[in-house]
Every structure is written in structure tokens, then in C-alpha cells.
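Engineer: quick one: sequence plus predicted model below, questions after.
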Amino acid sequence: MSTTPANVASLTGERKNGVAALELRNVHTFYGHIHAIKGVSLRVDQGEIVTLIGANGAGKTTTLRTISGIQQPREGQVLLNGQRIDRLPPHRIVEMGICQSP
Ligand SMILES: Nc1ncnc2c1ncn2[C@@H]1O[C@H](COP(=O)(O)OP(=O)(O)OP(=O)(O)O)[C@@H](O)[C@H]1O
Ligand SMILES: [Mg+2]
């Protein structure tokens, strides 16, 4: 997945210390045998806007589905305010404050 220069620091988590609002650590998500996202790491701090940019099929939707618990990652972690959410059902994740708007 490609990134713009402005958000590279956010995606690599290099810029800030402390607990991120949202963090993905080395996330791998599959559809059956299809390895759709391969080790995605990103960090969103409180009040920050991060944009995912990538070609068709790069894994943007799968990343969002993994954050929302619609797909469970086979490997890696998703954390909301430092708490793991990657094994919670989607309705619990919504209750914790994550939603998607088209
Ligand atoms: N339901 C599915 N079953 C099998 N493979 C899938 C499924 N959905 C997506 N994929 C595959 O997972 C990979 C990532 O797809 P994804 O839809 O996340 O990409 P995307 O960046 O959102 O693409 P687009 O820009 O077209 O919306 C692609 O190789 C795609 O073919
Ligand atoms: Mg998509």
C-alpha cells in the first residue's frame, strides 16, 4: 500500500510517543488462502487524520474491515487506545467508538 509523504511518519509510528488512538501492528488478513494484507502497521494519534492510498486491490478495504472486526487478522494486532480489539466482534468495536462512513 502506498502512502503520501505527509503521513509516512504516522504510518510508521516514528513521530510520537505514548498510546496511539488507533494502532495496527504487523497485521495479516486472509480470505481463505488469499493473503490480502501482508504486515500492515499504522498509527493514528488523537486528533490526527490519516489517509490510506493505494491501487485497486492493494488492501484498503480489507484494512478497514480488519479494524472494524469484519475480518479477523490471522497475525498481528489492532489496538484502540492501547487495548486490543482484533478478537472482538464488530458490534463491540462499534460500541467502543469505531464506525465507518462511506
Ligand atoms: N471477498 C474476497 N474474497 C477473496 N479475495 C478478496 C475478497 N475481497 C478482496 N479480496 C482480495 O484481497 C486483496 C485486497 O483487496 P481490497 O478489496 O482490500 O483492496 P482495495 O485496496 O480496497 O481495492 P479497491 O481500490 O479496488 O477498492 C485483493 O487481492 C482482492 O482481490
Ligand atoms: Mg476497496
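Structural biologist: Sure, I can see it. Ligands and ions are numbered 1, 2, ... in the order given.
Engineer: drop to CA atoms for contacts and neighbour counts, all remaining ones
Structural biologist: Will do.
Engineer: mind listing the strands for this structure?
Structural biologist: 22-31, 34-44, 75-80, 83-84 (DSSP state E).
Engineer: hmm, the longest one in reach of ligand 1?
Structural biologist: Yes: residues of strand 34-44 are located near ligand 1 by C-alpha under 6 Å from any ligand atom, namely 34, 36.
Engineer: how far is that strand from where the chain is centred?
Structural biologist: Chain-centre distance of strand 34-44: 7 Å, with C-alpha atoms, centre = their mean, to the nearest Å.
Engineer: same check on the first one?
Structural biologist: Going by C-alpha atoms, centre = their mean, the spacing between the C-alpha centre of strand 22-31 and its chain's C-alpha centre is 6 Å.
Engineer: and for the last one?
Structural biologist: Relative to its chain's centre, strand 83-84 lies at 13 Å (C-alpha atoms, centre = their mean).
Engineer: paired strands for it, with orientation please.
Structural biologist: Strand 83-84 pairs in its sheet with strand 75-80 (antiparallel), by DSSP bridges.
Engineer: list the buried residues of stretch 67-81.
Structural biologist: 67-73, 76-80 (16 or more other C-alpha atoms under 10 Å).
Engineer: any low-confidence regions in the chain?
Structural biologist: 1-16 (pLDDT under 70).
Engineer: interface residues of it facing ligand 1?
Structural biologist: Proximity of the chain to ligand 1, by C-alpha under 6 Å from any ligand atom, involves residues 31, 34, 36, 54-62.
Engineer: let me have those residues in CSV, extended by neighbour count.
Structural biologist: Putting those into CSV (neighbours: other C-alpha atoms under 10 Å) gives the following:
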residue, neighbour count
Tyr31, 12
Ile34, 8
Ala36, 17
Gly54, 13
Ala55, 9
Asn56, 9
Gly57, 11
Ala58, 14
Gly59, 20
Lys60, 18
Thr61, 13
Thr62, 21
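Engineer: among those residues, name the ones in helices.
Structural biologist: Judged by DSSP state H, helices contain the following of the residues of the chain next to ligand 1: 60-62.
Engineer: number of residues surrounding the nearest residue to Thr63 once chain neighbours are set aside?
Structural biologist: Nearest residue to Thr63, sequence neighbours excluded (C-alpha to C-alpha, 6 or more residues apart in numbering): Ile37, at 7.2 Å. Neighbours of Ile37 under the rule other C-alpha atoms under 10 Å: 22.
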